[in-house]
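Undergrad: Predicted model follows, preceded by the sequence.
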Amino acid sequence: MYEFLEADMDLILWRHADAVDGLPDMERELTTKGHKQAAQMAAWLNARLPKNAVILVSPAKRAQQTAAALGRPFETVKKIAPGADAMSVVLAAGWPDAGGCVVLVGHQPSLGQTAALLLSGTESNFSIKKGGLWWLTNRVRQATQQTMVRAVMTPELV
């Protein structure tokens, strides 16, 4: 664990784990592999997340199941459902003013586009592997805001 400075914010963009194909899209469930991926990543995250981390989750069943692996309370946020644009994701997270740590459990391409936007200032198609995450930090140093990558993880690396 580390201490946050007053204006620091961590944003974790966690893509849902492997899910079955099919329709309706919002009802797709995790596969056996997906449940394993979610559990692996949740264990890794729980060892590092502050106790007061805010967890925001897409209403899609696969995202809900992924977040449930954390064993922590979370809030369902329609603004980060499949098809969300990067700016909607940024606004839902409260970046960078919310402070503390926010975990967003959502979908591609939204999460990859959000990572690109926050790191480069433009939406691009960064890819986040199923069950994987990007951990970004916004910090203020000498009156300058900086966005940095704290970690990029996949379930296979846990």
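TA: Ah, there it is. Note that the structure is a prediction, hence the values are computed from the model and not measured.
Undergrad: Would you map the strands across this protein?
TA: Secondary structure of the chain (DSSP state E): strands at 9-15, 54-57, 75-76, 100-106, 133-141, 144-153.
Undergrad: Run through the neighbouring helices and strands of the shortest one.
TA: Here strand 75-76 is seen to pack against strand 54-57 when contacts are counted using 3 or more CB pairs under 8 Å, 6 or more residues apart in numbering; DSSP states H and E. For glycine as for every other residue, the C-beta is placed from the backbone atoms N, C-alpha and C.
Undergrad: Sheet partners, orientation included, of the strand it packs on?
TA: Strand pairing for strand 54-57, using DSSP bridges, gives strand 75-76 (parallel), strand 100-106 (parallel).
Undergrad: mind listing the helices in this protein by residue range?
TA: Taking DSSP state H, the helices of the chain run over residues 32-46, 61-68, 86-93, 110-120.
Undergrad: Quickly compare those and say which is most buried.
TA: Across the helices of the chain, averaging neighbours per residue (mean count of other CB atoms under 10 Å) puts helix 61-68 on top, at a mean of 23.
Undergrad: relative orientation of that helix and strand 100-106 in degrees?
TA: Per axes from the mean of the first three to the mean of the last three CA atoms, to 10 degrees, the angle that helix 61-68 makes with strand 100-106 is 150 degrees.
Undergrad: Give the rounded mean pLDDT of helix 61-68.
TA: Confidence for helix 61-68, expressed as mean pLDDT, is 98.
Undergrad: tell me the angle it makes with helix 32-46.
TA: What separates the directions of helix 61-68 and helix 32-46 is an angle of 40 degrees, with the same axes, to 10 degrees.
Undergrad: Let me see the residues that make contact with helix 61-68.
TA: 14, 16-17, 19, 26-30, 34-35, 38, 55, 57-58, 74, 76, 103, 105-107, 131 (CB atoms under 8 Å, 6 or more residues apart in numbering).
Undergrad: what do you get if the cut-off is 6 Å, keeping everything else the same?
TA: Helix 61-68 is touched from outside by 16, 17, 19, 27, 28, 29, 30, 38, 57, 74, 105, with contacts defined as CB atoms under 6 Å, 6 or more residues apart in numbering.
Undergrad: Just the buried subset of these, please.
TA: Listed as buried from those are 16, 17, 19, 28, 30, 38, 57, 74, 105; burial here means 16 or more other CB atoms under 10 Å.
Undergrad: residues contacting the fourth one?
TA: Looking back up the chat, that one is residue 28. For residue 28, the residues meeting the contact criterion (CB under 6 Å, 6+ apart) are 19, 20, 62.
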